[in-house]
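K.L.:
Next one to model:
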Amino acid sequence: MIICVGEILADMTGRTCHGHMEFTCFAGGAPFNVACCLKKLGAGCGFCGSVGQDAIGNFLVDVVQKQQFDYLYLQREEERNTTLAFVEVDGAGERTFSFYRKNTADAYLPQAEISRIVRLADIVHIGSLPLSSTHGREFADELIACTHACGKKVSFDVNYRSDIFSCEEEAVWLYRKYIEAADIVKFSEEELPMFAEGASQEERLRKVAGAHKTVLLTLGSRGSMLCAAGNIYCIPAATVQEIEDTNGAGDAFMAGVLASIDGGQADPNVVLRMGNACGALAVSQKGAYPEWSKEDAAALTKEFDA
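P.N.:
The predicted structure follows:
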């Protein structure tokens, strides 16, 4: 089983209409999105997060309960707010985020659940947003230590958001510890140079991966790369007729990769194909977790064999 731990929030996607802003609310947060996509793929999966005791929190609880995860723990924080992400999507489907995190619940994760998470999970996937707070880092440190002590794997998506840190250097300093601790790490093309020097993407990937880590790199419309044991694998993007919204594409990619690894798939090329197929399905519809199925993803991977 793969258990995703970290932020769940409300993605508030806005548009200007007759002189005022209108917002549509979607459930979001990278680890929650990954868990939803894992469920679509039929993988054993779960989610652990925290929301406020407010109207948005009530909305998210309703959405989460409908997912029917194999494991679920959603903490309600009476004295904290649910995290909001205001999302602006441009004409090309690219996103800009602004986070509302004043006294928010996302980092206040239940330490009492760590033993159950580690007992049930084969892979623990950790979100990055709570790591911007001391409480979130303390939780993650204990979770990672317990996961490794039990011989399980830790997955980490860097998912850097500039507006939750005072400067890029602070994020690099904080995240480096979790990159080093994780067994599986995902970077975007923009994030990798922040954490590894090198004349090429391949050189940077090898530096981060070392001898034992699996490192993933998403390249948008150019596909993705994977580095393991010094070997580099690269697969082009799956075909997309029209990009509607890139929100959640990296999370869908991550779900495809984790589901493949957890399912025993040893061929990195096959792992990347499933990740790319899931990412392509995500960008073809609006919202962070659009409607698609395991069969849709499997059908899309067949184009790589053509």
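
K.L.:
So Gly46 versus Tyr108, what's the distance?
P.N.:
Per C-beta to C-beta, to the nearest Å, Gly46 is found 19 Å from Tyr108. In short, each C-beta sits where N, CA and C put it, glycine included.

K.L.:
Counting neighbours around each, name which of these two comes out higher.
P.N.:
A direct count of neighbours by other C-beta atoms under 10 Å for Gly46 and Tyr108 places Gly46 higher, at 23 against 20.

K.L.:
which element is that one on?
P.N.:
If you go by DSSP states H and E, Gly46 is part of strand 45-52.

K.L.:
swap in His135?
P.N.:
Per DSSP H and E: His135 is located in helix 134-149.

K.L.:
and the helix or strand that comes right after that helix, which strands flank it?
P.N.:
Per DSSP H and E, the first helix or strand lying C-terminal to helix 134-149 is strand 153-157. The pairing partners recorded for strand 153-157 under DSSP bridges are strand 123-126 (parallel), strand 184-188 (parallel).

K.L.:
Give me whichever of these is most buried.
P.N.:
Highest mean neighbour count of the strands paired with strand 153-157: strand 123-126, a mean of 26 (counted as mean count of other C-beta atoms under 10 Å).

K.L.:
Other residues contacting that one?
P.N.:
Contacts to strand 123-126, defined as C-beta atoms under 8 Å, 6 or more residues apart in numbering, come from residues 1-6, 31, 34, 117-118, 140, 143-144, 147, 152-157, 178, 182, 184, 254, 258, 261-262.

K.L.:
on that earlier part again, figure out which of the strands paired with strand 153-157 is closest to Thr214.
P.N.:
Of all the strands paired with strand 153-157, strand 184-188 sits nearest to Thr214, with 4.8 Å by C-beta to C-beta.

K.L.:
and of the strands paired with strand 153-157, who's closest to Leu226?
P.N.:
Closest to Leu226 of the strands paired with strand 153-157 is strand 184-188 (C-beta to C-beta; 9.8 Å).

K.L.:
shouldn't Ala105 be in contact with Val51?
P.N.:
Yes. Assessed by C-beta atoms under 8 Å, Ala105 is found in contact with Val51 at 5.4 Å.
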